[in-house]
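> quick one, what's the 3D model for this:
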Amino acid sequence: QTLDVAGRLGVKVCALAAGKNVRLLEEQIRRFRPSVAAVYDPDAAKALKISVADLPVRVVQGMEGLCEAASLPEADLVCNSVVGMVGLRPTLAA
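Model (predicted):
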């Protein structure tokens, strides 16, 4: 829903993140063109790097990657929908 709103309003998306659903994340990257994409699962992050190698997006992984994506200096607003305790550190980083 957040990306639907961003798309309708023409809001620049700086970063996107996912747990391991890289198929959907790749679609979102191709549509919104963020500078950073974070994937919590390391194996999924490796697969995403390959699938978006033609795009100018930096793929990061793990908790560190989520925190990096949440704390980009160019972001004016951060929306975090990570469930449970995993979402706490990225929220604090933002």
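> how much space between the residue minimising distance to the centre of the chain and Arg30?
Nearest to the geometric centre of the chain sits Leu16, at 1.9 Å (CA atoms, centre = their mean). Leu16 sits 11 Å away from Arg30, going by CB to CB, to the nearest Å. To be clear about C-beta, it is placed using only N, CA and C from the backbone, and glycine gets the same treatment.
> equivalent analysis for Glu64, please.
25 Å.
> strands of this structure, start to end?
Ranges of strands in the chain, per DSSP state E, are 15-18, 36-39, 58-61.
> so which of those is nearest Val82?
With CB to CB as the criterion, Val82 lies closest to strand 15-18 of the strands of the chain, at 7.5 Å.
> with distance to Ala6 and mean pLDDT added, can I get the strands of the chain in CSV?
Formatted as CSV, the strands of the chain follow (distance: least, CB to CB, whole Å; pLDDT from 0 to 100):
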stretch, distance to Ala6, mean pLDDT
strand 15-18, 10, 97
strand 36-39, 15, 98
strand 58-61, 20, 98
